[in-house]
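S.K.: coordinates only, sequence not included:
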């Protein structure tokens, strides 16, 4: 039996992410110089033009060498926590090509003395072509490890 995904009651996406350390930590760049690995699940439902979603994930953080403010190696390694993260939000289809939405994201703190990430974003996404999408967004942060505010844009191409 083949199920039609467009008529599914609930959708579930399972995925993984790998952040490869491409910058050279020894050149004092803003990087940990370590790889990170994440696994996540996203649960969503479509009700006509309205689509709420819930994301839950976990990241295995790489632990970089300890350094002082001048990038001198101090010996030993940072002991980052491997944080859980979650998000909740929705998108609303304004037209066949344009959607808008709101989301809230939270990530546990990486170090015992730091804050978690807590932020909300508002976004608008528009299909420029069948495989090309532009998204603009604004972010408001609610913790010291989140930006106070931010604006951005992404362009995506689907193969």
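M.R.: That came through fine. As the structure is a prediction and not an experimental result, all values here were calculated from the model. Numbers count the residues shown, from 1 in each chain.
S.K.: and residue 88, what element?
M.R.: Assessed by DSSP states H and E, residue 88 sits inside strand 84-93.
S.K.: Figure out how far that strand is from the centre of its chain.
M.R.: Strand 84-93 sits 10 Å away from the centroid of its parent chain (Cα atoms, centre = their mean, to the nearest Å).
S.K.: Neighbouring strands - and their directions - for it?
M.R.: Strand pairing for strand 84-93, using DSSP bridges, gives strand 50-60 (antiparallel), strand 98-107 (antiparallel).
S.K.: model confidence over it, on average?
M.R.: For strand 84-93, mean pLDDT is 97.
S.K.: Pull out the buried positions in that strand.
M.R.: Counting neighbours by 16 or more other Cβ atoms under 10 Å, one finds that the buried residues in strand 84-93 are 85, 87, 89, 90, 91, 93. Glycine gets a C-beta too; all of them are placed from N, C-alpha and C.
S.K.: Could you find the two of these that are most distant from each other?
M.R.: Greatest spatial distance among the buried residues of strand 84-93 (Cβ to Cβ): 85 and 93, at 26.2 Å.
S.K.: Surely residue 61 and residue 79 touch.
M.R.: No: if you go by Cβ atoms under 8 Å, residue 61 and residue 79 don't touch, sitting 9.5 Å apart.
S.K.: coming back round to it: among the strands paired with strand 84-93, which is nearest residue 114?
M.R.: Of the strands paired with strand 84-93, nearest to residue 114 by Cβ to Cβ is strand 98-107, at 10.9 Å.
S.K.: bridging residues for the residue positioned nearest the centre of the chain?
M.R.: Among the residues of the chain, the one closest to the centroid is residue 105, at 8.1 Å (Cα atoms, centre = their mean). Beta-bridge pairing of residue 105 under DSSP bridges involves residue 87, residue 119.
S.K.: would CSV of the strands paired with strand 84-93 with distance to residue 145 and mean pLDDT be doable?
M.R.: Formatted as CSV, the strands paired with strand 84-93 follow (distance: least, Cβ to Cβ, whole Å; pLDDT from 0 to 100):
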stretch, distance to residue 145, mean pLDDT
strand 50-60, 14, 97
strand 98-107, 8, 98
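S.K.: need these in CSV with distance to residue 154, can you?
M.R.: Formatted as CSV, the strands paired with strand 84-93 follow (distance: least, Cβ to Cβ, whole Å):
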stretch, distance to residue 154
strand 50-60, 17
strand 98-107, 14
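S.K.: So which of those strands is nearest residue 32?
M.R.: Of all the strands paired with strand 84-93, strand 50-60 comes closest under Cβ to Cβ, at 12.1 Å.
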